[in-house]
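In: Starting from these lines, generate the structure:
(4 chains)
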There are 4 protein chains.
Amino acid sequence: MANDRKLDGIHFMLPTPFDSNGEVDTASFNRLVGAARAASCTGVVTLGVMGESHRLTDAERGPVIDAVVAAAGDDLTVTVGTSAESGRALAARVRDAQSGGASAVMIAPAKMMKPNPPATYAYYAAAQEITEIPIVVQDLPEQTGVHFDPAFIGKLHSELPDAKYLKLEDPPTPQKITRVIESTSGTMGIFGGLGGAFLFEELRRGAIGTMTGFAYPEVLVAIHKYMASGDLERARTIFYKWLPLIRYENSAGIGLAIRKEIMKSRGFTTTADVRPPSPSIDDSTRAELKDLMNSMDLNVENL
Amino acid sequence: MANDRKLDGIHFMLPTPFDSNGEVDTASFNRLVGAARAASCTGVVTLGVMGESHRLTDAERGPVIDAVVAAAGDDLTVTVGTSAESGRALAARVRDAQSGGASAVMIAPAKMMKPNPPATYAYYAAAQEITEIPIVVQDLPEQTGVHFDPAFIGKLHSELPDAKYLKLEDPPTPQKITRVIESTSGTMGIFGGLGGAFLFEELRRGAIGTMTGFAYPEVLVAIHKYMASGDLERARTIFYKWLPLIRYENSAGIGLAIRKEIMKSRGFTTTADVRPPSPSIDDSTRAELKDLMNSMDLNVENL
Amino acid sequence: MANDRKLDGIHFMLPTPFDSNGEVDTASFNRLVGAARAASCTGVVTLGVMGESHRLTDAERGPVIDAVVAAAGDDLTVTVGTSAESGRALAARVRDAQSGGASAVMIAPAKMMKPNPPATYAYYAAAQEITEIPIVVQDLPEQTGVHFDPAFIGKLHSELPDAKYLKLEDPPTPQKITRVIESTSGTMGIFGGLGGAFLFEELRRGAIGTMTGFAYPEVLVAIHKYMASGDLERARTIFYKWLPLIRYENSAGIGLAIRKEIMKSRGFTTTADVRPPSPSIDDSTRAELKDLMNSMDLNVENL
Amino acid sequence: MANDRKLDGIHFMLPTPFDSNGEVDTASFNRLVGAARAASCTGVVTLGVMGESHRLTDAERGPVIDAVVAAAGDDLTVTVGTSAESGRALAARVRDAQSGGASAVMIAPAKMMKPNPPATYAYYAAAQEITEIPIVVQDLPEQTGVHFDPAFIGKLHSELPDAKYLKLEDPPTPQKITRVIESTSGTMGIFGGLGGAFLFEELRRGAIGTMTGFAYPEVLVAIHKYMASGDLERARTIFYKWLPLIRYENSAGIGLAIRKEIMKSRGFTTTADVRPPSPSIDDSTRAELKDLMNSMDLNVENL
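Out: Below is the predicted model of the structure:
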């Protein structure tokens, strides 16, 4: 596995599990990471938006990293979200992630009231000064207010040696993949996002995988595998079959709570709790989800 | 058909077709409305966001209304979007729509920098002073910046006699349908939206139909029909089958261009052009769409 | 007066006056424009955001233009706001303004969900195809969501022959003036904004005037005059003296209502009404304003 | 001094000083707090937005609190900003502030994609479970996206015993003060904000003081003192005289950098550095500021 592409493939974006007192339940990470391993994922991602990293204190981050790295062992990569609101705070988080055993760091830009490419560049450069591991640039305009032009992504990629990967959350993602491939001459590894809703198109346009928290990562792995082997129609069939659930998990606002509900039902976590004010699931949604899951043939044994 | 529920069912949200000079192509409305009729829609909606109404001049509105009303005849309702940035401008548009033969008016709130429920109420009240036809309150926070609390919707519905319907675009829509039914004691007719992406759940939660521009309205009609007759599983099967395309049409930013491309391919319009700066489709997306359509069994004869 | 700089100086940004029925009160434009003349303004601006142009119907625009042009005669320029949500709608408004006798058109960009410089450029180019009069590019990010980079402004200015002027509302304006002067080699005429709150700094940095609705335009004219003649300290003294009112007129949200109140008190208009949902003034604010005006020496005879 | 109003008066909102390596310069807090004491402020506020708290790591917070509390001694109150993105993270910060010797905590709401008053209420309730000191509710919609209705503020105030104070940053502040006084029967202590730009009006409408970072806090103290003693005209004269600088410090985007520049020039801090990506000052602005300061009679001895 070439070092500069060691992240190729499907990454399971981990939620942060909580116990019934609302504390981080580090013990559950073993099962969550185990699910990624069982699904043949390349790795896991922790402390992203889906991991409710903004709801955590800094003190809670270290134990999460430790638990995930320990569970990942040597066979799974661990990408750690280290986004912050200043280059200096980012550098501190990158340093902690790196010394904690991270395989890569995922970095969304600091929020900006106005576009300021030089300031955003300097923020990423502050990470580059620390990193000895790859940087996954996270393109997340809805949360950050920062819009990445493909040319700017190309500049980050060509000037910052560790900025080898891009995680796309700027819809429509298939089209942007094509544009970023052009602006980076195809040398940047691009991950899709959006909960996998466009995974087929993303991979077909040249994405190297995805980083997302869809609760059945083995499905995404299967799609990726068949795409890689040239069996597009088999990949497509699986993708289409799972779209009803992919879509439902993407329910605006409560998608995280829905995912956690499924993960709990699969035995990955002990509770399905989110940390307020993350919106929680209500009974009608829980029933709707159960009905949806019942209606699908959720047999993931023979994808 | 009871007067206060004459809109129950599926409404085809019409795009505004343009000719190769960029002028409104009123002639194409005949075919567009004909498609709604052939699909057994309850009616059509014109001059909404999907109709690029904000890209048109006021002078272009009248001919559109005339063409649509003429094409709709007696068997299809015509709901006309009349949203404006003041109650007075709204009233003028409502008056024009009404005298032009509209069956109902659809009204999104005036944009607000800050929440101001009394101002938003007054805006709707300005329409009520004019209307002799139903008002479809449009809940469209992403475009307007105005968030409707279910209690506020209930107030509009109970105090403004014509505010009989709600068109929901505030995700997650299934959950909000449940809440609005509670806040209106189930007396307000609620339409889903979001391109039909949650149609099954919306109808199951009590929506009376949807108003959306999905390019195969007959699919939505079939789903609605089977739901109404209690054959949920048949409705579900159709819904799941069509989700790949429903999803693709919802591609952020270029969804309208994709829809127009399909409608042109179905012979509903002469061109697929959007009016700039509405984003247009590129070749890679056109190819991707064609591939998607080929892969689906787009036989809509025997739904 | 050289043709490409005929707009140099202070422009009175006109409100749209309404009568007690809420109709546009075209008769009052005579007095409003007369106030600009009496103040020795270069010209007036009509149908901008301050003129509540988004609250008007298209049908109301023509009579406003006619009234203002008639009142302006040969000695005052008339800049007409023609911003729209499409290049085509913009072109229609530019055509109307031009044939109605406008001296220039002021154009803010169409709203964008995402940055799209080519689309914004095309929008301005659609105006250029029509214009035989200068274009005042309006930099108004808070309202439009479009952020202009100085390099983009430079491109508009160098490639579109009529894009001779810039109206700045992107704070901090003094600093941006310096940057735009650099990006345009000083050949673009820049007007300040922000209600005059930074007029002294704007002029000192190279602005050629301002376009704003401060209710005492003669004050701005005096500041401009003394700056132009090199008497900075006299300009500064006047500016500082009037800052309490300039600031108060800039009260977020209700600034327009406050201005209209003052203009009515000065006899410029018959009512101080705004068109809902523009926020109106309340009694406590009216009293506060009166107190402020009483406290200042509002003698504008000998500036 | 009654316990429930011990915060009445003017509070100096402290910046976070940095040394030339970009580290927090805790030593400078002595001088900053000393300036507040010399100005006869009631207290100081630390770790607010102006303190760039979002640019700091959690590890940097403790030393800041310690330094400020030590410098404040017994004669100045210390209000500590503890805003967070979850009730749990908030509680941790409140606990730290309280055990560190804070007199009060200032809390802005967690960011919300959509209005969710119950979630915002629960967030404040999480602080109330910890506090034995007053809570200053911070109304900061531009940063948080959360708009506080006066009725909601009244509910927080009446149901959470420590929610005794409000810090207003929702313009226009004078008008909102009047509305909040009505919704709380005048029992909530309201602080103005906006850099003091409406201090005269805020106090006159019933504000008990202000919490702001204007670099000459003695000016605000003098205005407050004369207002309190009934000498409105003397207060007004001082206020108007200082408006040019108050305004300039409020320059959008770079206001913080300007303030830090002045504070350094007054000897309060060793550097004027901000932490990137906070925008820094440029030479032209520094010159403009120096000119402004020279032009004003900055003698603060005999206010």
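
In: Which helix or strand contains the residue nearest to residue A:75 when sequence neighbours are not counted?
Out: Across the structure, with CB to CB, 6 or more residues apart in numbering or on different chains as the measure, the residue nearest residue A:75 apart from its sequence neighbours is residue A:37 (6.7 Å). Placement of C-beta: from N, CA and C, glycine included. For residue A:37, the element it lies in under DSSP states H and E is helix A:28-38.

In: In that helix, which of the residues would be classed as buried?
Out: By 16 or more other CB atoms under 10 Å in any protein chain shown, the buried positions in helix A:28-38 come out as A:28-29, A:31-33, A:35-37.

In: Just name whatever secondary elements it is in contact with.
Out: Helices and strands touching helix A:28-38, as assessed by 3 or more CB pairs under 8 Å, 6 or more residues apart in numbering or on different chains; DSSP states H and E, comprise strand A:9-13, strand A:43-46, helix A:58-72, helix A:217-228.

In: contacts for the first one?
Out: Same thing as strand A:9-13. For strand A:9-13, the surrounding residues in contact (CB atoms under 8 Å, 6 or more residues apart in numbering or on different chains) are A:32-33, A:35-36, A:39-45, A:48, A:50-51, A:77, A:79, A:191, A:208-213, A:217, A:220-221, A:224.

In: got the angle for that strand vs helix A:28-38?
Out: Between the direction of strand A:9-13 and that of helix A:28-38, the angle (axes from the mean of the first three to the mean of the last three CA atoms, to 10 degrees) works out to 160 degrees.

In: what mean pLDDT would you report for strand A:9-13?
Out: Confidence for strand A:9-13, expressed as mean pLDDT, is 98.

In: How far does it sit from its chain's centre?
Out: Taking CA atoms, centre = their mean, to the nearest Å, the mean C-alpha location of strand A:9-13 is offset from the chain mean by 7 Å.

In: That strand pairs with which strands?
Out: Sheet partners assigned to strand A:9-13 using DSSP bridges are listed as strand A:43-46 (parallel), strand A:209-212 (parallel).

In: now those strands in CSV, with mean pLDDT?
Out: Shown next, in CSV, are the strands paired with strand A:9-13 (pLDDT from 0 to 100):
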stretch, mean pLDDT
strand A:43-46, 98
strand A:209-212, 98
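
In: Just put those strands in JSON lines and tack on mean neighbour count.
Out: Listed next are the strands paired with strand A:9-13 as JSON lines, based on neighbours: other CB atoms under 10 Å in any protein chain shown:
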{"stretch": "strand A:43-46", "mean neighbour count": "28"}
{"stretch": "strand A:209-212", "mean neighbour count": "28"}
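
In: Minimum distance to residue D:167: which of those strands has it?
Out: Between residue D:167 and the strands paired with strand A:9-13, the shortest separation by CB to CB is 35.7 Å, and it involves strand A:43-46.

In: ok, which stretches of the stretch 1-150 of chain A are helices?
Out: When secondary structure is read from DSSP state H, counting those that start in this stretch, the stretch 1-150 of chain A shows helices at A:28-38, A:58-72, A:87-99, A:117-128, A:141-144, A:150-159.

In: Reformat those helices as JSON lines; add mean pLDDT and distance to residue B:100.
Out: Supplementary listing: the helices of the stretch 1-150 of chain A in JSON lines, determined by pLDDT from 0 to 100; distance: least, CB to CB, whole Å:
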{"stretch": "helix A:28-38", "mean pLDDT": "98", "distance to residue B:100": "59"}
{"stretch": "helix A:58-72", "mean pLDDT": "98", "distance to residue B:100": "61"}
{"stretch": "helix A:87-99", "mean pLDDT": "98", "distance to residue B:100": "58"}
{"stretch": "helix A:117-128", "mean pLDDT": "98", "distance to residue B:100": "49"}
{"stretch": "helix A:141-144", "mean pLDDT": "95", "distance to residue B:100": "39"}
{"stretch": "helix A:150-159", "mean pLDDT": "98", "distance to residue B:100": "45"}
